[in-house]
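*Asks:* got a predicted structure here, sequence first:
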Amino acid sequence: MSRFFFVIFLSIFTKAFGFGSEIPSLKLFSGSANEPLAQAVAECLNMPLSEAKIGRFNDGEIRIQIMENVRNCDCYIVQSTCISPNSSVNDNLMELYLLIRAMKRSSAKSVTAVIPYFGYARQDRKMTGRVPISASDVAMMMEWAGADHVMAVDLHCGQIQGFFHQAPVDNLFASMIFVPYIAKAGLHDPVIISPDAGGVERAKFFIDGLQACGVPSRMAVIIKQRSEPGVVESMHLVGRVQGSDVVIVDDICDTAGTLVKAAQQLKENGARRVFACITHPLLSGPACERIENSCIEELVVTDTISLRCPTVPKNLVQLSIAPLLAAAIDRTSKGESLSDLFQYRAWQGNNPLNSRVLSMQPFFEEKQTQSNEDRTE
């Protein structure tokens, strides 16, 4: 009898003081590099963004404070390590580092760094003496901070995943977002263009996606030689584009010099229309003006990086990568496989979250169109 009353007392006591109550384990945070993207991911997941104060001391040092309890929670931080309107690449990288450290010191169960654009990825090997392998060094920095898991979108080089020795890396493909859009563009005899030999695998995956959407296509490759970073000395087209609509597929557009030159070369070789799908729109310096005045019919980019154009070019379209990130976060938090996110038919299948986030893509496109119009005005 005494045991019975003890159990009743214990049950009342734990309920009264909240012991044993269910604790929400998933929390989504945003750095300051791309808050609209983080908010879009939260909308896809049907959950609010958790609060973190990010500011600066008078001397410019970054100040971080997590405003919610994260003990025993699975925390996801959305932060691209790119330049943003108010911060440099290095500021955003350090901000991500400090956010991870703050959560580890706050006894978070796990911390996943969601890095839509992984900065310093272009220095992924030694091409000459006495230079760093910056991609490897940034990977070590993330692991030293305590990141348990890393998500990225279209890493500049897939082998960067191997620079992480403790934290598993999921390298998501933006073509899962691009392909359904391009498949509706009414392409004539489409040819997918890899702008260099290293991008052939990306172009082939794009072709497989179009095939899954019922749009057969083929591949051509541009072989280019650089005299220095960002400067192309010569270009040679391998493949036939005469009378075809072509789609250049690449991961980064920086100053757009190479992209515009490649588009011009394709037109000179008889291409009917030139499209481009670029995951990360860095758009530095004269990039926006070059794109506006180029022969590119439409440049489609994602929102891994916020657009920095004073006036958005009329031939530029931005799609949201949020549905793909949201699906990856949801599956990871539930311990489910991410394999379907690399298969077009499965990605567009009957998974409830996939259906919800894909149905939101027109919503993101409408928001981006309105944003473009506001910035143009």
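*Replies:* Thanks, I have the structure now. Numbers count the residues shown, from 1 in each chain.

*Asks:* wait, Val89 sits on Gly119?
*Replies:* Yes: between Val89 and Gly119 there is a contact at 5.2 Å, judged by C-beta atoms under 8 Å. Just so you know, the C-beta spots here come from the backbone N, C-alpha and C atoms, and that holds for glycine as well.

*Asks:* quick check: neighbours shared by these two?
*Replies:* Residues touching both Val89 and Gly119 by C-beta atoms under 8 Å, 6 or more residues apart in numbering: 81-82.

*Asks:* more neighbours: which of those two?
*Replies:* More crowded of Val89 and Gly119, by other C-beta atoms under 10 Å: Gly119, with 23 against 17.

*Asks:* to what extent is the closest residue to the more buried one other than its chain neighbours buried, counted in neighbours?
*Replies:* Using C-beta to C-beta, 6 or more residues apart in numbering and skipping residues adjacent in sequence, the residue nearest Gly119 is Thr81, 3.5 Å away. Neighbourhood size, Thr81 [other C-beta under 10 Å]: 27.

*Asks:* Thr81 reaches Pro116, doesn't it?
*Replies:* No: if you go by C-beta under 8 Å, Thr81 and Pro116 don't touch, sitting 9.3 Å apart.

*Asks:* Leu325 touches Val41, doesn't it?
*Replies:* Yes: contact criterion C-beta under 8 Å: Leu325 and Val41 qualify, at 5.1 Å.

*Asks:* C-alpha coordinates for stretch 196-212, PDB please?
*Replies:* Output of stretch 196-212 as PDB, limited to C-alpha atoms (Å, rounded to 0.1, in the frame of the first residue of the first chain):
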ATOM      1  CA  ASP A 196      35.100  22.400 -67.200                       C
ATOM      2  CA  ALA A 197      36.200  18.800 -67.000                       C
ATOM      3  CA  GLY A 198      35.600  18.800 -63.200                       C
ATOM      4  CA  GLY A 199      31.900  19.500 -63.600                       C
ATOM      5  CA  VAL A 200      31.100  16.600 -65.800                       C
ATOM      6  CA  GLU A 201      29.700  14.500 -63.000                       C
ATOM      7  CA  ARG A 202      27.400  17.500 -62.000                       C
ATOM      8  CA  ALA A 203      26.200  17.800 -65.600                       C
ATOM      9  CA  LYS A 204      25.600  14.100 -65.900                       C
ATOM     10  CA  PHE A 205      23.400  14.200 -62.700                       C
ATOM     11  CA  PHE A 206      21.500  17.100 -64.300                       C
ATOM     12  CA  ILE A 207      20.900  15.100 -67.400                       C
ATOM     13  CA  ASP A 208      19.600  12.100 -65.400                       C
ATOM     14  CA  GLY A 209      17.200  14.500 -63.700                       C
ATOM     15  CA  LEU A 210      15.800  15.900 -66.900                       C
ATOM     16  CA  GLN A 211      15.400  12.300 -68.200                       C
ATOM     17  CA  ALA A 212      13.400  11.500 -65.100                       C
END
